[in-house]
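**Student:** Kindly generate the corresponding structure for this input.
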Amino acid sequence: MPPFKFYTMSKSKKIFLFVAAIFFLLLIYASYDISSRTTFPGSKPQLQERIKDQFLAPDSTNRDSVVSVTK
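**Tutor:** From the prediction side, this is the model:
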């Protein structure tokens, strides 16, 4: 089998290879960009633990001094 010779290809094949190379480079760049902006789901604590830490902080007010009596 003869070695790969770029100069013997037709013009349409050269254009296709050029466009395919650009496409793959853009695909690699987009994959890297997306992966750098997100975190692995297993590296975060569980959702309930995050909600407790963020929203269920201890209340700083005292308990109500009025005692309610139910009958």
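**Student:** By residue count, which helix of the protein is the longest?
**Tutor:** Counting residues, the longest helix found in the chain (DSSP state H) is helix 11-37.
**Student:** May I have stretch 22-33 as CSV, with CA atoms only?
**Tutor:** The C-alpha atoms that make up stretch 22-33 are tabulated as CSV, following Å, rounded to 0.1, in the frame of the first residue of the first chain:
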residue,chain,number,x,y,z
ILE,A,22,-11.4,22.0,12.2
PHE,A,23,-14.6,20.3,13.4
PHE,A,24,-12.7,17.9,15.6
LEU,A,25,-10.5,20.7,17.1
LEU,A,26,-13.7,22.7,17.9
LEU,A,27,-15.3,19.5,19.4
ILE,A,28,-12.2,19.0,21.6
TYR,A,29,-12.2,22.6,22.7
ALA,A,30,-16.0,22.5,23.5
SER,A,31,-15.6,19.3,25.5
TYR,A,32,-12.7,20.8,27.5
ASP,A,33,-14.6,24.0,28.2
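**Student:** Give me the helices and strands touching the longest helix of the chain, please.
**Tutor:** Contact partners of helix 11-37 among helices and strands, from 3 or more C-beta pairs under 8 Å, 6 or more residues apart in numbering; DSSP states H and E: none. C-beta here means a position set from N, CA and C on the backbone, and glycine is covered the same way.
**Student:** thought residue 14 was touching residue 5?
**Tutor:** No. Here residue 14 lies out of contact with residue 5, judged by C-beta atoms under 8 Å, at a distance of 11.6 Å.
**Student:** And those two? Which one has more around it.
**Tutor:** Shown here are residue 14 and residue 5; by other C-beta atoms under 10 Å, residue 14 has more neighbours (12 against 7).
**Student:** give me every residue that touches that one.
**Tutor:** By C-beta atoms under 8 Å, 6 or more residues apart in numbering, the contact set of residue 14 is residue 6.
**Student:** Please report the distance of residue 39 from residue 31.
**Tutor:** 16 Å (C-beta to C-beta, to the nearest Å).
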